[in-house]
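[1] Sequence and predicted structure below; questions after.
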2 protein chains.
Amino acid sequence: MADFGLVEQGTPIAETRRRQIEGVASALFRERGYAGTGMREIARGLQLRGASLYAHVGSKEDVLFSIVERAADRFAKALSPYLHADGMSPEYRLRGMVRAHVRVLTDNLEDSAVFLHEWRFLSPERRSEILARRDSHEQAFRDAIAAGTTGGEFRLVDERLAARNLLSALNGIAGWWRADGPLSADQIAEAYADLHLSGLLTEVSAPTTRS
Amino acid sequence: MADFGLVEQGTPIAETRRRQIEGVASALFRERGYAGTGMREIARGLQLRGASLYAHVGSKEDVLFSIVERAADRFAKALSPYLHADGMSPEYRLRGMVRAHVRVLTDNLEDSAVFLHEWRFLSPERRSEILARRDSHEQAFRDAIAAGTTGGEFRLVDERLAARNLLSALNGIAGWWRADGPLSADQIAEAYADLHLSGLLTEVSAPTTRS
DNA sequence: CCTACCGATCGGTAGG
DNA sequence: CCTACCGATCGGTAGG
């Protein structure tokens, strides 16, 4: 609790400034959209003039791309333990993926929302890259579902549809969740996992239904 | 199949022009966002000059509001038969609501996407109105789910969470569905209804699992 | 990181 | 529905 001040930061000032710019930009992009946010607005959030931002970033689109790519990195990293079954049951695996995805979402609400909704303002090449990464994320969910249907634990469903159904529901959380709300990220993750696993499992394994 | 040409339109030209403007605007707002679309772009889609649009609309925001409000009307109307149970089983009721919602979404893809994503660019009063209508739409789903849990047909779930889970999944369809794709709107609606009802029903009623 | 400035474009109006 | 135009704002650069 005591305030020791800052002893050693370790991060170069320039890099910190970059992150500060991206942080303000992320909040504004989420709230007003990329096209609805001006560089001067971002600068104002840091008590700077608009032109000063260009000492730290190449362009407005570069800022968007940094935010979106970092978000994509987080989602990919969170799923990496689940890319192969490694003896996990399909239920355990999918539940872990749901929890991981929701955690990234709620721990990085603004970046995640920007990642989900503002990618269309990227240049064609960058947009393609991001869409490919989104697709491989969805593929990971498809694979986990397919493993369950193959093994007989899950009902026969269209994995593509079931994966989109699940991911759309999870991403929707970014639209209404608040850190100061009544439900923790993990509570929501468990509730969503229950709902979706009940929809997939053949055996009714009495999923944890707490109030 | 024969082309009889147009015999009698019945709609005044001015009203038609208004709708044409909204049609072009809806497509552009969906693709580039409200803030990313200029009035001159909308005009270009109708072979007009930007200034000419103002003979038909009061402002850019008025155009957005017309689109968004019409979409809200459609969703509300589609759910109206299901606002009260009237002897319907919870399963029948919720399945009907899913089908109705998906139909409106797929029959009016552009307007629906604009309704879902561009409402934040409305003036505070109009934004409040639309958010209230969205909330009462969600309330209808909550009610249908609550009726099922009360009656014992559905598992005990947090209705608010379950409704958001369902609606987010359904609205996500607007992000990927194509009219010329492999799945009809009704096929998707049935598949989604199956997935979600399986997650809610206490009795495993062997939902229709076709390939 | 600042001031000063660039050309382009924005939503919208005047007047016909 | 057009031409001509308004002030404001846009992303970004020059030069220090």
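    Looks like it came in fine.
[2] hey, let's count contacts and neighbours off CA atoms from now on
    Will do.
[3] show me where chain A has strands.
    Along chain A, no stretch is classed among the strands by DSSP state E.
[4] what about the helices in it?
    Counting by DSSP state H, residue ranges of the helices within chain A are A:13-32, A:39-44, A:60-79, A:90-107, A:109-117, A:124-151, A:159-172, A:185-200.
[5] Enumerate the residues of chain A near DNA strand C.
    Within chain A, the positions adjacent to DNA strand C are A:17, A:47-52, A:55 by CA under 7 Å from any atom of the strand.
[6] Point out where chain A drops to low pLDDT.
    Residue ranges of chain A with pLDDT under 70: A:1-14, A:203-211.
[7] Would you mind naming what in chain A lies close to chain B?
    Chain A has residues A:32-33, A:35-36, A:120-121, A:156-158, A:161-162, A:164-172, A:191-192, A:194-200, A:204, A:209, A:211 near chain B, with proximity defined as CA under 8 Å from any CA of the partner chain.
[8] which among those end up buried?
    Judged by neighbour count, with 16 or more other CA atoms under 10 Å in any protein chain shown as the criterion, the buried members of the residues of chain A next to chain B are A:33, A:35, A:120-121, A:156-158, A:161-162, A:164-172, A:191-192, A:194-200.
[9] Excluding sequence neighbours, find me the nearest residue to residue A:140.
    The shortest distance from residue A:140 to any residue that is not its chain neighbour, by CA to CA, 6 or more residues apart in numbering or on different chains, is 6.2 Å, and that residue is residue A:83.
[10] Can you pull the phi and psi angles for that neighbour?
    Dihedral angles of residue A:83 (phi, psi; degrees, to the nearest 10) stand at phi -70, psi -30.
[11] How about the residues of chain A by DNA strand D?
    By CA under 7 Å from any atom of the strand, the part of chain A that sits against DNA strand D consists of A:35, A:37-41, A:50-51, A:54, A:58-61.
[12] Among those residues, the buried ones, what's the ChimeraX command?
    Provided next is the ChimeraX selection string for whichever of these are buried by 16+ other CA under 10 Å:
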select /A:35,37,38,39,40,41,60
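[13] ok, the residues of chain A next to DNA strand D vs chain B, which is closest?
    Sorting the residues of chain A next to DNA strand D by how near they are to chain B, with CA to the nearest CA, puts residue A:35 at the top with 5.2 Å.
[14] right, and that closest one touches residue B:121 too?
    No. Taking contact to mean CA atoms under 8 Å, the distance of 11.4 Å between residue A:35 and residue B:121 leaves them out of contact.
[15] What residue in chain A comes nearest to chain B?
    When you check chain A against chain B by CA to the nearest CA, the closest residue turns out to be residue A:199, at 3.8 Å.
[16] Look up the closest residue to that residue, ignoring the ones flanking it.
    With CA to CA, 6+ apart as the measure, residue B:199 is the residue that lies nearest to residue A:199, at 3.8 Å, once sequence neighbours are left out.
[17] my read: the one you found touches residue A:192, true?
    No. Between residue B:199 and residue A:192 no contact is recorded; they are 10.0 Å apart, counting by CA under 8 Å.
[18] burial of residue A:125, as a residue count?
    For residue A:125, the count of nearby residues is 9 (other CA atoms under 10 Å in any protein chain shown).
[19] what about it, distance to DNA strand D?
    In this view, residue A:125 and DNA strand D are 16 Å apart by CA to the nearest atom of the strand, to the nearest Å.
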